[in-house]
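>>> build me a model:
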Amino acid sequence: MQPKKQFWDTLAKRYPHFNTPSMSKDVQEILAWTKEQGIAYAPQSTLLDIGSGTGTFSIPLALLHVKVTAIDPSSNMLAILEEDARNEGVIERIKTHQSDWDTFDVPTPPYDIVLASMTPAIHDIFTIDKMIDASSKQGVFVSWGSYRINPFVDALLEAHAPEERFSQTGSIKAQDVMARLDAKNCSYVSKCFETQWSDTYTFEEAKEYAKEQLERRSIVPDFSIIETLLHQCSASEPIEIHTKAEKVILVWKH
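Next up is the predicted model:
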């Protein structure tokens, strides 16, 4: 089940921006490797950013003079993207559309490049095929890899719904995209890399973070459990929550 638009609107206020150090590091690593594989982020080339969020890819690409179309169902995410793009002087290179991917109309001819990173917008065969066909030339897909370790979230899920502990929220698996690329006779290459980051919260912010983690998995939060776990996590504010994960980058050409 995909999280609802209201979930992403609420999440927007704590979502990383394009210049958040941990996010920027991953984006630059992804852009550098995809360039090595022949993805041409050339000035005036057109790129579709599916599930753009706050512009973590859209803005760095616009800084390269790429003409970006950024789509996202969350108006709050897009408002942050537009504000940051305006501050960076690249707002004229980014067109934003508040839309889900299922119903977005891809123009003819399609884009030079399509990009989808860590987004639940790609969630079944239809949305995978639509993503692949949205570019006549090249594509980039980024998803979680084989592990994501967050001791706090692991404990939270173990206390609420042990069967959900090892579930992965977010984008579909890279293997599912590879299968569709094989079916369409598209050549592709992939790479895995490790990333890690820490988020710092007040006690109330950490409660909201815990609530979001549960609700995106359709689990009803028990705030007495959440508060107990947070007290175990840290005796005082601020509360730091650490995550280590593998990401997979997939690049294809038509």
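
>>> now the helices: where do they sit in the stretch 101-250 of the chain?
125-133, 151-160, 174-183, 203-215, 223-233 (DSSP state H, counting those that start in this stretch).

>>> can you tell which of those is closest to Glu194?
helix 174-183 (15.2 Å; Cβ to Cβ). Every residue, glycine included, has its C-beta placed from N, CA and C.

>>> for the closest one, give the mean pLDDT please.
Mean pLDDT, helix 174-183: 96.

>>> give me the contact list for that helix.
Identification of contacts with helix 174-183 by Cβ atoms under 8 Å, 6 or more residues apart in numbering yields 122, 125, 128-129, 131-132, 141, 143, 145, 187-188, 190, 248, 250, 252.

>>> mind checking which of those are buried?
Neighbour-count burial (16 or more other Cβ atoms under 10 Å) applied to those gives 122, 128, 131-132, 141, 143, 145, 188, 190, 248, 250, 252.

>>> just the ones in strands from those, please.
Using DSSP state E, 141, 143, 145, 188, 190, 248, 250, 252 are the members of those that sit in strands.

>>> farthest-apart pair in those residues, please.
Within these, Gly145 and Trp252 form the most distant pair, 17.6 Å apart (Cβ to Cβ).

>>> which of the contacts of helix 174-183 sit farthest apart?
Asp129 and Gly145, at 22.7 Å, using Cβ to Cβ across these.

>>> in terms of contact, does Ile39 touch Val251 like I think?
Yes: contact criterion Cβ atoms under 8 Å: Ile39 and Val251 qualify, at 6.1 Å.

>>> name the residues contacting each of the two.
Counting by Cβ under 8 Å, 6+ apart, the residues touching both Ile39 and Val251 are 138, 140.

>>> helices and strands around the helix ranked longest in the chain, which ones?
Taking DSSP state H as the criterion, the chain has its longest helix at helix 21-36. When contacts are defined as 3 or more Cβ pairs under 8 Å, 6 or more residues apart in numbering; DSSP states H and E, helix 21-36 packs onto helix 58-63, strand 135-149, strand 187-201, strand 239-253.

>>> a markdown table for those, including mean pLDDT and distance to Lys95?
Below are the helices and strands packed on helix 21-36 laid out as a markdown table (pLDDT from 0 to 100; distance: least, Cβ to Cβ, whole Å):
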| stretch | mean pLDDT | distance to Lys95 |
| --- | --- | --- |
| helix 58-63 | 98 | 10 |
| strand 135-149 | 94 | 16 |
| strand 187-201 | 95 | 27 |
| strand 239-253 | 95 | 24 |
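
>>> before we move on, which element is the nearest residue to Ser74 once chain neighbours are set aside in?
Computed as Cβ to Cβ, 6 or more residues apart in numbering, the closest residue to Ser74 that is not its neighbour in sequence is Trp8, at 3.8 Å. Using DSSP states H and E, Trp8 maps to helix 5-11.

>>> go through that helix and flag the buried ones.
By 16+ other Cβ under 10 Å, the buried positions in helix 5-11 come out as 5, 7-8, 10-11.

>>> tell me the mean pLDDT over that helix?
On average, helix 5-11 scores 83.

>>> next, work out how far apart Ile132 and Tyr111 are.
To Tyr111, Ile132 is 12 Å away according to Cβ to Cβ, to the nearest Å.

>>> please read the previous query as pertaining to Ile91.
19 Å.

>>> which of these two has more neighbours?
Tyr111 (22 against 17; other Cβ atoms under 10 Å).

>>> with distance to Glu29 added, can I get the buried ones among the contacts of helix 174-183 in TSV?
Below are those laid out as TSV (distance: Cβ to Cβ, whole Å):
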residue	distance to Glu29
Ile122	21
Ile128	24
Met131	22
Ile132	23
Phe141	15
Ser143	15
Gly145	14
Tyr188	19
Ser190	14
Val248	13
Leu250	14
Trp252	19
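
>>> I appreciate the help and will end here.
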